[in-house]
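[1] Need a 3D model of the sequence below.
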Amino acid sequence: MPVLVDPLREYPHVPYRLKRWCHMAVDGSFEELHAFAAQLGIPRHRFQGDHYDLPPWVRERAVSLGAAEVSTRELLERMAGRAATARAVGLPPVAELSVCLSFDFDAMSVWIAQTDNPATISRGEFGAVAIPRILALLERRGARATFFIPGHTALAYPFLVREIRDAGHEIGHHGWVHENPAKLTAAQERDVFARGLDALARAAGVVPVGYRSPAANFSASTIELLVEQGVLYDTSCSGSDFTPYYLRRGDRFSKTGPYAFGTAVDLVELPFSWGLDDFTHFEFEAGWSTEQSAPSAVQEIWHGEFEYAHANVAGGFMGICMHPQVIGRGHRLTMLDRLTGVMAERGARFEPYGDYARRWREANPLSSWVEGGSVHARAAREAMS
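    Okay, here's the model as predicted:
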């Protein structure tokens, strides 16, 4: 299959001195496209998920090496099986999509929860170093995000928590010292939740409306606790990908009987995915995560998820979970800058989790949602009957 290039076009909004670009794609395998890009001297990290952007002189060389010149419309039509990059090339978007960037500012708490080794604990200090870098990137993008912050971190770095707040970002609850709720009694979990609330109020005067459980773990008491506390949304569970749903209490399950769904409650779940979490891809922790992936590989995964959601889930939600002490490394933050740039070109809406959750809940009140056709609603309806 031939490599394709479309006409050069002016992009006055791009954050580069050069404003004339074209797109190079293929209607075959990406490996063929990568091999052709290598002939042009284009590094793999310039891959934008389904195409490469070319300046005029590289386009000229691509044509001389056999790339077929086609119209933008034809280029998109021939990218069969791919989510076309319509927004980037000026064509109508397939669907609006909200991209909710989140940062778990764990700092030292994530390590204190499991060790007393000062060298290991010091890894968390880099998270504080990375916060100004992340805030600068978000400001350049005009993006508001959500920072989930343990109470321990809030009291260690109250000035950074205030800077996050003052930059217009949401602050969410993330425990006290990154405890695993699944290992706590109901009373212990209630105490930890209260300590986290108190620390956030003392550090920055904020009352969070959202919760992410440390390590995305729940106990049997977590949902009841969140409902009692009047929490608007949680983002710890993985029962969907790009569409929110309401959580349930009272599910019953065993190894010998069928799964029995409980009752849906007024607690919005904005789905979490380990595949959209930076820690599993990048960080080194013996016995758990040692992948150390290249940023280009992670960009390809995250961009692929974005393209699918953008093309197929109108009004959907894509949540990315990051950690300042992980994503804040230079080569990874550079990748995030590239990726959010591509998303911005597609017209993605960057907004905090809380803003999306409020809007979704208003459009889908629990009483009407349970009558809908989603798998979660149908299961909730079945349980009610």
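
[2] Alpha carbons of stretch 246-263, as CSV, please.
    Taking C-alpha atoms only, stretch 246-263 is exported to CSV below (Å, rounded to 0.1, in the frame of the first residue of the first chain):
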residue,chain,number,x,y,z
TYR,A,246,-23.5,5.3,38.6
LEU,A,247,-21.9,3.0,41.2
ARG,A,248,-23.8,0.5,43.2
ARG,A,249,-23.9,-0.7,46.8
GLY,A,250,-24.8,-4.1,48.0
ASP,A,251,-23.3,-6.2,45.1
ARG,A,252,-23.0,-9.8,46.2
PHE,A,253,-20.5,-12.2,44.6
SER,A,254,-18.8,-15.5,45.4
LYS,A,255,-16.9,-18.3,43.6
THR,A,256,-19.9,-20.6,43.8
GLY,A,257,-22.9,-18.5,42.9
PRO,A,258,-23.9,-15.9,40.2
TYR,A,259,-23.0,-12.3,40.5
ALA,A,260,-25.9,-10.3,42.1
PHE,A,261,-25.9,-6.6,41.3
GLY,A,262,-26.8,-4.2,44.1
THR,A,263,-28.7,-0.9,44.0
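
[3] Check which residues of that stretch are buried.
    Neighbour counts using 16 or more other Cβ atoms under 10 Å place 246-249, 261 of stretch 246-263 among the buried residues. All C-beta spots, glycine's among them, are computed from the backbone N, C-alpha and C.

[4] now the strands: where do they sit in the stretch 1-150 of the chain?
    Shown for the stretch 1-150 of the chain, the strands assigned by DSSP state E, counting those that start in this stretch span residues 3-5, 9-10, 20-26, 52-54, 68-69, 97-104, 146-149.

[5] before we move on, back to that, would you list the buried residues of stretch 246-263 in a markdown table and tack on pLDDT, secondary structure and distance to residue 271?
    Putting the buried residues of stretch 246-263 into a markdown table (pLDDT from 0 to 100; DSSP: H, G, I helix; E, B strand; the rest coil; distance: Cβ to Cβ, whole Å) gives the following:
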| residue | pLDDT | secondary structure | distance to residue 271 |
| --- | --- | --- | --- |
| 246 | 96 | strand | 12 |
| 247 | 96 | strand | 11 |
| 248 | 94 | strand | 14 |
| 249 | 91 | strand | 18 |
| 261 | 92 | coil | 17 |
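
[6] Closest one to residue 23 out of the residues you listed, please.
    Within the buried residues of stretch 246-263, proximity to residue 23 (Cβ to Cβ) peaks at residue 246, which comes in at 40.6 Å.

[7] nearest residue to that closest one other than its sequence neighbours?
    Distances taken as Cβ to Cβ, 6 or more residues apart in numbering put residue 264 closest to residue 246, at 4.5 Å, once the chain neighbours are dropped.

[8] Which neighbours in the sheet does the helix or strand that neighbour falls within have, and how are they oriented?
    Assessed by DSSP states H and E, residue 264 sits inside strand 263-269. Strand 263-269 has the following sheet partners, assigned by DSSP bridges: strand 233-234 (parallel), strand 245-249 (antiparallel).

[9] Before I go, just wanted to say thanks for your time.
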